[in-house]
Every structure is written in structure tokens, then in C-alpha cells.
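K.L.:
Just the structure for this:
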Amino acid sequence: MPEPREPANRPVRQLGFWRTPSNRTLPNPSDLIDPDWEESERHWVADYLVHGQVAASWMGVSTCRLCSQSNGSRDLTDGYYLWPEGLAHYVLDHSVRLPAEFGVHIQQRLETLEELERDLSWWCQNSART
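P.N.:
Down below sits the predicted model:
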């Protein structure tokens with residue numbers, strides 16, 4: 001029997017959604033370009049973004065607002081943040097810097113995963129029942 005889920009009592013924070021003619025309150029990615037952002041840190045952030053879980057799939061494909069590259073048609077999440085599939089492209093190829101708070105979030109999530117206590121007993125017991 002599956003374990004009960006924790007109720008979602010907080011909204012998921014969205015990032016990487018860009019200004020459109022119908023929503024001019026969103027940021028413009030060109031305003032967030034940081035040419036001095038270290039490549040190794042950009043790769044670290046982009047790797048995290050690429051490995052999010054699929055939250056939604058859309059019929060149309062998004063294109064990069066800076067170079068017109070096809071950027072996918074899905075939204076990804078880690079359960080705390082939600083971003084478009086192409087956000088890693090903006091980070092890697094255009095040095096679009098995300099809020100520092102998101103970098104802290106990534107670091108904390110990865111540290112939490114590294115510190116998990118590991119238990120193989122469930123797998124050993126339940127694999128025999130298959």
C-alpha cells in the first residue's frame with residue numbers, strides 16, 4: 001500500500017516564464033543575462049533543471065526568446081519550483097542568471113539527498129513478492 005502523501009499547503013514557485021504580449025509583467029530574459037556568470041555554476045544549475053520531473057506537457061513548442069531555438073513543450077518541477085523545459089538552455093547558452101535563492105535551494109536539495117539514510121531491506125523483501 002502506498003504511503004500517504006503530504007498535503008500541498010504551499011504554492012509551487014514558477015521561474016523562467018518570460019514576458020509575452022498578453023503578460024507584460026513577466027521578466028524579459030535579456031534583462032537577466034550575466035556574461036560574468038561562471039560556466040561551471042551554469043552547468044550545475046542547468047543539470048538540475050534538466051532533471052526535473054514532468055509536471056505538464058503542452059501541444060505547442062516554445063522557442064527561445066533570444067535565439068529562436070526550439071525549447072520543448074513541457075513544464076518541469078522539483079515539487080518546490082516549476083519551470084519550462086527550455087530554461088536550462090537560457091542558463092547554459094545565454095547566461096541568464098536565476099535568482100540566488102534558487103541556487104541556495106538547489107544546494108540544500110542536493111545536500112539533503114546526499115545525507116539520506118539508505119535502507120535496502122524494503123527492496124529485498126518486496127522484490128521477492130513480484
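K.L.:
Am I right that Q107 sits in a helix?
P.N.:
Yes - counting by DSSP: H, G, I helix; E, B strand; the rest coil, Q107 falls inside a helix.
K.L.:
and it, how many neighbours?
P.N.:
Using other Cβ atoms under 10 Å, Q107 has 12 other residues around it. (Each C-beta comes from the backbone N, C-alpha and C, glycine too.)
K.L.:
ok, now P84?
P.N.:
If we define neighbours as other Cβ under 10 Å, then P84 has 23 of them.
K.L.:
quick one: contacts for the nearest residue to it once chain neighbours are set aside?
P.N.:
With sequence-adjacent residues excluded and distances taken as Cβ to Cβ, 6 or more residues apart in numbering, P84 is closest to G16, at 5.4 Å. Residues near G16 by Cβ atoms under 8 Å, 6 or more residues apart in numbering: W83, P84, G86, L87, Y90, L98.
K.L.:
So of the residues you listed, which two are at opposite extremes in space?
P.N.:
The largest separation in the contacts of G16, counting by Cβ to Cβ, is between G86 and L98 at 13.3 Å.
K.L.:
Which strand or helix spans the residue nearest the centre of the chain?
P.N.:
When Cα atoms, centre = their mean is applied to the chain, the residue found nearest the centroid is L49 (3.6 Å). In the assignment (DSSP states H and E), L49 maps to helix 39-50.
K.L.:
Pull the residues that contact that helix.
P.N.:
Residues outside helix 39-50 that contact it (Cβ under 8 Å, 6+ apart): 76, 78, 83, 87-88, 91-92, 95, 98, 102-103, 106, 109-110.
K.L.:
Could you identify which of those has the most neighbours?
P.N.:
Neighbour max across the contacts of helix 39-50 (other Cβ under 10 Å) = L87, 27 neighbours.
K.L.:
Hmm, D78 and G52 touching each other?
P.N.:
Yes - G52 lies in contact with D78 (Cβ atoms under 8 Å); the separation is 5.5 Å.
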